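Asks: what's the 3D shape of this:
(one chain, ligands or ions: 3)
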Amino acid sequence: MSVLEVKDLHVSVETEQGTKQILNGVDLTIAQGEIHAIMGPNGSGKSTLAYTIAGHPKYHVEGGSVLLDGVEVLTMSVDERARAGLFLAMQYPVEIPGVRMADFLRTAKTALNGEAPALRPWIKEVAEAMKSLRMEKAFSERNVNEGFSGGEKKRHEILQLELLKPKFAILDETDSGLDVDALKIVSEGVNRAKEANNLGVLLITHYTRILRYITPDFVHVFVDGRVAEEGGAELADRLENEGYDRFLTDTSVA
Ligand code: ADP
Ligand code: MG
Ligand code: MG
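Replies: Numbering: from 1, shown residues only. Ligands and ions are numbered 1, 2, ... in the order given. Here you go, the predicted structure:
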């Protein structure tokens, strides 16, 4: 059983106004098979946490660490992070002109495993995963993300999640822009990956809506670049009713 630990993480970004401190000591521990929701107001640093774990070069780690089974992730290349078992949706380019989805998926799987998957079982697995996500067969012939709708991009993301079988996935606002039907389909995919592959999930969201379909084991409220409160699924219900106001200081409300 693997464990992903974020320890006292401090992150800044360079802006035109100078260095801006965004994460101010984040502590989180996620075991495989657990679903952790990170909820918080806009601008609280949720995406910064995701980008930092993904290795986005814009985000500077000022202190702390991210450990996967005790091994430092922050010094790994983006490829190494993927091979270590982290699934970070944003590491994949938005559009890959001229690359068919079917080829992209097989190449990604081959890169992860160090050898190509046997063709027949792979084709079957892809077809079954696409079917569960209600994706048309013809979809696999299309170029990656080229002209995909918002919902199609999210399904493609979850298709990768199901096929690449990472240990941990960081999903940043996977719910944004999805209608209820798409939200259900995408959520079912995440739940399947958890059941089938013991996936651990860091589910970043501003709204509680997706948590009706994906039940979190833990909820962390993120405010001003750190975890301000933690609880179980009931904390999400409380946030739905009360909002984030009680976590915000007078200055941040202004
Ligand atoms: P959230 O995902 O919770 O809405 P973000 O991590 O996107 O929060 O942003 C946190 C804060 O850091 C915001 O004030 C945002 O404007 C700022 N920020 C994030 N990324 C950058 C960047 N690349 N350049 C400048 N400011 C940034
Ligand atoms: Mg934001
Ligand atoms: Mg965000």
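
Asks: Name the residue of the stretch 51-200 of the chain that lies nearest to ligand 1.
Replies: For the stretch 51-200 of the chain, the residue positioned closest to ligand 1 under CB to the nearest ligand atom is Lys58, at a distance of 5.0 Å. Any C-beta I mention is one placed from the backbone N, CA and C, and that applies to glycine too.

Asks: Ok, the stretch 151-254 of the chain next?
Replies: Taking CB to the nearest ligand atom as the measure, the point where the stretch 151-254 of the chain comes nearest ligand 1 is Phe222, at 6.7 Å.

Asks: Helix or strand for that residue, just tell me which one.
Replies: Assigning secondary structure by DSSP states H and E places Phe222 in strand 218-223.

Asks: Just the buried residues of that strand, please?
Replies: If you call a residue buried by 16 or more other CB atoms under 10 Å, then strand 218-223 has these buried ones: Phe218, Val219, His220, Val221, Phe222, Val223.

Asks: Are it and ligand 3 in contact anywhere?
Replies: No: using CB under 5 Å from the ion, we find that strand 218-223 stays clear of ligand 3, coming within 10.0 Å at best.

Asks: Sheet-wise, list the partners of that strand with their directions.
Replies: The partner list of strand 218-223 in its sheet, established with DSSP bridges, is strand 35-39 (parallel), strand 226-231 (antiparallel).

Asks: could I get the helix or strand that comes right after the last one in CSV with only the CA atoms?
Replies: Next in sequence after strand 226-231, counting helices and strands by DSSP H and E, comes helix 233-242. Output for helix 233-242, consisting of C-alpha atoms alone and laid out as CSV, is shown next (Å, rounded to 0.1, in the frame of the first residue of the first chain):
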residue,chain,number,x,y,z
ALA,A,233,-17.8,13.7,4.3
GLU,A,234,-20.0,15.6,6.7
LEU,A,235,-17.7,18.6,6.5
ALA,A,236,-18.6,18.9,2.8
ASP,A,237,-22.3,19.1,3.7
ARG,A,238,-21.6,21.8,6.2
LEU,A,239,-19.7,23.8,3.6
GLU,A,240,-22.6,23.4,1.2
ASN,A,241,-24.9,25.0,3.8
GLU,A,242,-22.6,27.6,5.3
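
Asks: Give me the contact list for helix 233-242.
Replies: Counting by CB atoms under 8 Å, 6 or more residues apart in numbering, helix 233-242 makes contact with Ala37, Met39, Thr208, Leu211, Thr215, Pro216, Asp217, Val219, Val221, Glu229, Gly231, all of which sit outside it.

Asks: about what we covered before: so for ligand 3, which of the strands paired with strand 218-223 sits nearest?
Replies: Distances from ligand 3 to each of the strands paired with strand 218-223 were compared using CB to the ion; the shortest belongs to strand 35-39, at 9.9 Å.

Asks: tell me the angle the closest one makes with helix 233-242.
Replies: Using axes from the mean of the first three to the mean of the last three CA atoms, to 10 degrees, the direction of strand 35-39 lies 20 degrees away from that of helix 233-242.

Asks: where's the nearest residue to Thr215 once chain neighbours are set aside relative to ligand 3, distance?
Replies: Taking CB to CB, 6 or more residues apart in numbering, and ignoring the residues beside it in sequence, Thr215 has Ala233 as its nearest neighbour in space, at 5.7 Å. If you measure Ala233 against ligand 3 using CB to the ion, to the nearest Å, the figure is 22 Å.

Asks: before we move on, the earlier item: and the contacts of helix 233-242, which of them are buried?
Replies: Buried among the contacts of helix 233-242 by 16+ other CB under 10 Å: Ala37, Met39, Thr208, Leu211, Pro216, Val219, Val221.

Asks: which residues of the stretch 151-254 of the chain score low on pLDDT?
Replies: 249-254 (pLDDT under 70).

Asks: List the contacts of Tyr213.
Replies: By CB under 8 Å, 6+ apart, the contact list for Tyr213 reads Leu183, Lys184, Ser187, Glu188, Asn191.
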